[in-house]
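Asker: following is a predicted model, sequence given first.
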Amino acid sequence: MNPFEIAEYLMNKDNVPMLGCENAWIAAGSLMAAIKNNGSVKVTDEQIVEALIRTKRQAIGGYCGLTGVCGIAPAIGACFSVILGAACPKDQETAVTMKVVARIINKIADETGPCCCKNFVRTAIDESIKAAKEYLNVSLPSNSEAIICTYSSRHPHGCREDKCQYFNINENR
């Protein structure tokens with residue numbers, strides 16, 4: 001399964017809220033599982049757990065508005081950090097991780113008004129696929145253009161509708 005298929009499967013579970021940090025865990029878990037399943041880079045179950053633990057420490061509800069950092073960005077950063085072995089004394093491993101996080105947050109910033117965790121997961125995964133190819137030499141399939149959001153009516157702040165690339169007026173009205 002590609003990371004989009006994994007994420008869509010998980011986001012569709014009844015116990016996953018429309019908005020919330022659970023979506024950051026989905027982004028991290030989906031990316032790590034897809035990279036592991038790809039097999040180009042060795043990813044262990046322990047590394048997946050570590051990325052999720054790191055995500056939980058930084059994905060804190062409401063921080064997108066309070067600090068400007070959606071928890072999905074550090075979730076993706078945790079994935080790259082764990083895979084690359086990034087740490088403060090390291091050079092390129094840490095630089096690459098930071099570059100990836102900057103790319104993710106920049107892409108997510110283009111999707112606000114109001115914030116939508118489902119969109120942010122998809123946007124982050126799309127950019128992560130590109131970064132995985134560039135920095136890890138891992139080719140993950142993408143089907144982002146085929147995704148049609150079915151969560152519009154659940155958004156507590158109102159869906160962005162036609163401003164969102166995943167919105168389909170025929171499916172949501």
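Answerer: Alright, I've got the coordinates. Quantities reported herein were computed from a predicted structural model and do not represent experimental measurements.
Asker: now stretch 77-90: buried residues?
Answerer: Neighbour-count burial for stretch 77-90 flags 77-84, 86 (criterion: 16 or more other Cβ atoms under 10 Å). Any C-beta I mention is one placed from the backbone N, CA and C, and that applies to glycine too.
Asker: and for stretch 40-60?
Answerer: 43, 47-48, 50-52, 54-56, 58-59.
Asker: which residues touch it?
Answerer: Applying Cβ atoms under 8 Å, 6 or more residues apart in numbering, the set of residues contacting stretch 40-60 from outside is 21, 24-25, 28-29, 32-33, 35-36, 71-72, 74-75, 78-79, 81-83, 136-139.
Asker: from the residues you listed, list just the buried residues.
Answerer: Counted by 16+ other Cβ under 10 Å, the contacts of stretch 40-60 give 21, 24-25, 28-29, 32-33, 35-36, 71-72, 74-75, 78-79, 81-83, 136, 138 as buried.
Asker: can you list the low-confidence ranges for the chain?
Answerer: 169-173 (pLDDT under 70).
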